[in-house]
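K.L.:
fold the following, please.
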Amino acid sequence: MSKSHLHALCLAYVQERIEACQAAITAAQESANSETKSSAGDKYETGRAMAQNERDRNAVQLQQARQLLGELQRINPHAACDTVRPGALVRTSMGRFYISISAGKLTLDGQECFAVSAAAPVAVTLSGRQAGEQVVFNGKPLRIESVD
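P.N.:
Here you go, the predicted structure:
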């Protein structure tokens, strides 16, 4: 399991989110544009307002996805890490964590790894630690086996 492959999976996750948001914005805009004036004038305005709300909601999600992309672009997956920080692949007694963005569970070569942001509770607990150290997370001991 390499950091560069995990990084690529995270990039694909973000790209997928960006594309989905852009498609939803386009669909909402088309919906708003296709609303025609009816004899019940309020129906026209309500439909356009709903489409505009949907477009705005997706625009916020698009902005969030672009922020995730920016966070990923600041990480060099080829850089070696000896302490837990953004860009580190951490193997612990509870599993593997790629400190990058919050992309959830990733499976690579049949192995699971959780992509978590540096602000995630587990990442905050592990931050600055090295292989061999032990911390307590959610009341349970957590041993850091390796940091790459």
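K.L.:
ok, now which ones touch the residue nearest to Ala118 when sequence neighbours are not counted?
P.N.:
Of all residues not flanking Ala118 in the chain, Pro86 sits nearest, at 4.8 Å (Cβ to Cβ, 6 or more residues apart in numbering). Every C-beta, even on glycine, is put in place using the N, C-alpha and C of the backbone. Contacts for Pro86 (Cβ atoms under 8 Å, 6 or more residues apart in numbering) come out as 71, 74-75, 99-100, 118.
K.L.:
any idea how far Gly128 is from Pro86?
P.N.:
Going from Pro86 to Gly128 by Cβ to Cβ, to the nearest Å gives 12 Å.
K.L.:
list the helices and strands the helix-or-strand element of the chain with minimal mean pLDDT packs on?
P.N.:
Least confident helix or strand of the chain, by mean pLDDT, DSSP states H and E, is helix 41-73 with a mean of 84. In terms of contacts (3 or more Cβ pairs under 8 Å, 6 or more residues apart in numbering; DSSP states H and E), helix 41-73 is packed against helix 3-34.
K.L.:
list the buried residues of the helix it packs on.
P.N.:
Within helix 3-34, the residues scored as buried using 16 or more other Cβ atoms under 10 Å are 3, 6-7, 9-11, 13-14, 17-18, 21, 24-25, 28, 31-32.
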